[in-house]
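Undergrad: What shape does this take:
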Amino acid sequence: MKNAVVWSEIAVSDLKRATAFYEKLLDGELKPETFGPYQIALFPHADDGVGGCLMKGEGYEPSAKGTVTYFPALPGIDAALERAWSAGGKVLMPKTALPNNQGFIAHVSDSEGNRIGLHALV
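TA: Numbers count the residues shown, from 1 in each chain. I've put the predicted structure just below:
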């Protein structure tokens, strides 16, 4: 098994606002699309990697509880936390070292109130 997780959808109320938040956080562009009755914005990903999107539509409700999706914090946690804060996010868990030199994580609240994670080696 190459990837145990193959897709992630993050519920949003305001796709335009959420797209702006994540583009600033990730320092990259998301691709807007329509999927049936849903509006989505795709995260950049390799064909053989884990993909995902922001999802707006019936049955999708932002939440600070439940599953946490982690994003790469490049070039490091401190820079990503600064971008999250400047995009309107809130730090929910500060930079925290993982055991055995596995890097660092942090949690932030996105523009929609979802809890998301950041991970970096520095």
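Undergrad: so where's the chain shaky on pLDDT?
TA: 1 (pLDDT under 70).
Undergrad: run the last query once more with 80
TA: By pLDDT under 80, the weakly predicted segments of the chain are 1-3.
Undergrad: Enumerate every residue touching the residue lying farthest from the centre of the chain.
TA: Most distant from the centre of the chain: residue 100, at 24.6 Å, with distances by C-alpha atoms, centre = their mean. Shown in contact with residue 100 (C-beta atoms under 8 Å, 6 or more residues apart in numbering): no residues. Placement of C-beta: from N, CA and C, glycine included.
Undergrad: Am I right that it is in a strand?
TA: No - secondary structure of residue 100 (DSSP: H, G, I helix; E, B strand; the rest coil): helix, not part of a strand.
Undergrad: Which parts of this protein are helices?
TA: With DSSP state H as the criterion, the chain has helices at 15-26, 77-86.
Undergrad: and the shortest one, what does it pack onto?
TA: With contacts defined as 3 or more C-beta pairs under 8 Å, 6 or more residues apart in numbering; DSSP states H and E, the secondary structure elements packing on helix 77-86 are helix 15-26, strand 90-97, strand 104-109, strand 115-120.
Undergrad: now those in CSV, with mean neighbour count and distance to residue 56?
TA: Output for the helices and strands packed on helix 77-86, formatted as CSV (neighbours: other C-beta atoms under 10 Å; distance: least, C-beta to C-beta, whole Å):
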stretch, mean neighbour count, distance to residue 56
helix 15-26, 19, 4
strand 90-97, 13, 21
strand 104-109, 20, 18
strand 115-120, 20, 16
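Undergrad: Export the ones you listed as JSON lines, with columns for distance to residue 81.
TA: Formatted as JSON lines, the helices and strands packed on helix 77-86 follow (distance: least, C-beta to C-beta, whole Å):
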{"stretch": "helix 15-26", "distance to residue 81": "10"}
{"stretch": "strand 90-97", "distance to residue 81": "6"}
{"stretch": "strand 104-109", "distance to residue 81": "6"}
{"stretch": "strand 115-120", "distance to residue 81": "7"}
